[in-house]
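In: Provided below for reference: sequence and predicted model.
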Amino acid sequence: MEYANPQIKQVAEQLRGRLPNLQNKEEIFKAVELKALFDGIKTLPADERAEYGRELNGLKKELQALVEEAAGSELPTLESIDVTAPFDINTPLNQHPQLLTSDTGSKHPLTTEMEHVLDIFYRMGFNAIESREIDDDYHMFTSLNFPEGHPARDDYDTFSTDEGLIAPAHTSSMQNRILKMGKDNLDHDETIAYVIPGRVFRNEDLDARHEHTFYQIEGLYVGKGVHAGNLIATLKTFLQEYYDKELDVKTQPFYFPFTEPSFEFALSCPFCNKEGCSICGHSGWIELLGCGMIHPNVLREAGIDPLKYSGFAWGMGVDRLVMMKYDIEDIRNFESANLAFLRQFS
Ligand SMILES: [Zn+2]
């Protein structure tokens, strides 16, 4: 066989000459010259790769035939190389390239736990819609009763693009869309019942409790005669199911522009039953999330009459929920790509 590429031609001649003297004929596939030809693919301009790869495959097949002839044994057939495929780079040259398989990895613990969380809410009758990872000022603030210049906007140190789009700092950025989508159903005696899982972003100083990227699950429920007791019962039921034990809960008044009244929601520590431990800071209680009754302005903005309908909403940090479940001390583990940490959950 003749090769147009001078390097391939030269290596072909060298290897043909060396083959008869080799004790183990398959050693020829480990020749440094051959490896150098393969490595050479990466340095070529894209439009020359196809021709080069074709000739290189030809050389491989030629050597294959020579080795089989000399050894009188059958080797696996070598197929063409696909330079874009995710091959295992440790596969020896004389073996069929191994594609990397999915059983070398596992689900991220936050994915597994989010699936568990969603499963509980599905069973409670909620639907789910994922939040967007890039959004606008209207959905992040204005539609949630933060008019321009509102001081509470400063509580959210958001990332934004040159065009003025925002990486949402909370999953509440989906509230207005979902309320508008569901408002017509309210007049048919149906309710709006959604959870909104999503990734959110804040320009935080990072430490064991703060990460710039984390997950939330928002809840949104609207209907006739909905009151704060429904909110507390919903969250308590969810948390007892998630931690698989009886819990006490309590609320304290708080302030968010998009709920009125607003609460900070705490649960009795699932680890020490209110005795006090390191996880709850020896207080016996864990403040887990913010929630409240949806502000009339937020309902009105979506075209829902607050005199006829009412609803509640919450925003819960999923990382925090999972950290408590598994006694994880540092939130930064989740985004760290630390395999030793991740393998504990596989
Ligand atoms: Zn405790």
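Out: All right, it came through fine.
In: can you tell me the element the closest residue to residue 9 other than its chain neighbours falls in?
Out: Spatial nearest neighbour of residue 9, chain neighbours left out: residue 3 (4.2 Å); criterion: C-beta to C-beta, 6 or more residues apart in numbering. All C-beta spots, glycine's among them, are computed from the backbone N, C-alpha and C. Residue 3 is located outside every helix and strand, with elements delineated by DSSP states H and E.
In: which parts of the helix or strand hosting residue 111 are buried?
Out: Using DSSP H and E, residue 111 maps to helix 109-123. Residues of helix 109-123 classed as buried under the neighbour-count rule (16 or more other C-beta atoms under 10 Å) are 109, 110, 113, 114, 117, 120, 121.
In: go back to the residues you listed and keep what's next to the ion.
Out: Checking the buried residues of helix 109-123 against the ion by C-beta under 5 Å from the ion, not one of them is in range.
In: and of the residues you listed, the nearest to residue 309?
Out: Within the buried residues of helix 109-123, the smallest distance to residue 309 is 21.0 Å, found for residue 121 (C-beta to C-beta).
In: before we move on, the earlier item: the residue nearest to residue 9 contacts residue 52, correct?
Out: No - using C-beta atoms under 8 Å as the test, residue 3 is too far from residue 52 to be in contact (10.2 Å).
In: sorry, back to before: determine which two of the buried residues of helix 109-123 are furthest apart.
Out: 109 and 121 (18.8 Å).
In: spatially central residue for this protein, please.
Out: Closest to where the C-alpha atoms of the chain average out (C-alpha atoms, centre = their mean) is residue 111, at 6.7 Å.
In: what's the pLDDT at residue 77?
Out: If you check residue 77, the pLDDT there is 58.
In: do the same with the one 3 residues further on
Out: According to the per-residue confidence, residue 80 scores 64 in pLDDT.
In: quick one: buried residues of stretch 179-186?
Out: 179, 182, 183, 186.
In: got JSON lines for these, with distance to residue 215 too?
Out: Putting the buried residues of stretch 179-186 into JSON lines (distance: C-beta to C-beta, whole Å) gives the following:
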{"residue": "179", "distance to residue 215": "22"}
{"residue": "182", "distance to residue 215": "24"}
{"residue": "183", "distance to residue 215": "28"}
{"residue": "186", "distance to residue 215": "29"}
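In: what is the nearest of those residues to the ion?
Out: Lowest distance from the ion to the buried residues of stretch 179-186 (C-beta to the ion) belongs to residue 179, with 37.1 Å.
In: could you check how many residues crowd around the nearest residue to that closest one once chain neighbours are set aside?
Out: Once flanking residues are discounted, residue 179 sits nearest to residue 302: 3.5 Å by C-beta to C-beta, 6+ apart. Residue 302: 20 surrounding residues under other C-beta atoms under 10 Å.
In: ok, the nearest residue to residue 109 once chain neighbours are set aside - contacts?
Out: Using C-beta to C-beta, 6+ apart and skipping residues adjacent in sequence, the residue nearest residue 109 is residue 345, 4.1 Å away. Counting by C-beta atoms under 8 Å, 6 or more residues apart in numbering, residue 345 touches 106, 107, 108, 109, 112, 326.
In: just residue 152 next, same as before
Out: By C-beta under 8 Å, 6+ apart, the contact list for residue 152 reads 146, 255, 256, 257.
In: which one of those residues sits closest to residue 337?
Out: Among the contacts of residue 152, residue 256 lies closest to residue 337 (C-beta to C-beta), at 33.5 Å.
In: hey, what's that closest one bridged with?
Out: residue 259 (DSSP bridges).
In: doesn't residue 263 make contact with it?
Out: No - between residue 256 and residue 263 there is no contact under C-beta under 8 Å: 9.2 Å.
In: nearest spatial neighbour of the closest residue to the ion within the stretch 1-150 of the chain, skipping sequence neighbours?
Out: At 20.0 Å from the ion, residue 113 is the closest residue in the stretch 1-150 of the chain, using C-beta to the ion. Residue nearest to residue 113 in three dimensions, not counting chain neighbours: residue 322, with 4.6 Å by C-beta to C-beta, 6+ apart.
In: what ranges do the helices span in the protein?
Out: Shown for the chain, the helices assigned by DSSP state H span residues 6-18, 32-40, 46-71, 109-123, 137-140, 175-186, 228-243, 296-301, 318-326, 339-343.
In: okay, those helices in JSON lines with distance to residue 164 and mean pLDDT next?
Out: As requested, the helices of the chain are exported to JSON lines (distance: least, C-beta to C-beta, whole Å; pLDDT from 0 to 100):
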{"stretch": "helix 6-18", "distance to residue 164": "53", "mean pLDDT": "90"}
{"stretch": "helix 32-40", "distance to residue 164": "46", "mean pLDDT": "86"}
{"stretch": "helix 46-71", "distance to residue 164": "37", "mean pLDDT": "85"}
{"stretch": "helix 109-123", "distance to residue 164": "30", "mean pLDDT": "96"}
{"stretch": "helix 137-140", "distance to residue 164": "7", "mean pLDDT": "95"}
{"stretch": "helix 175-186", "distance to residue 164": "18", "mean pLDDT": "96"}
{"stretch": "helix 228-243", "distance to residue 164": "34", "mean pLDDT": "96"}
{"stretch": "helix 296-301", "distance to residue 164": "20", "mean pLDDT": "98"}
{"stretch": "helix 318-326", "distance to residue 164": "28", "mean pLDDT": "91"}
{"stretch": "helix 339-343", "distance to residue 164": "36", "mean pLDDT": "90"}
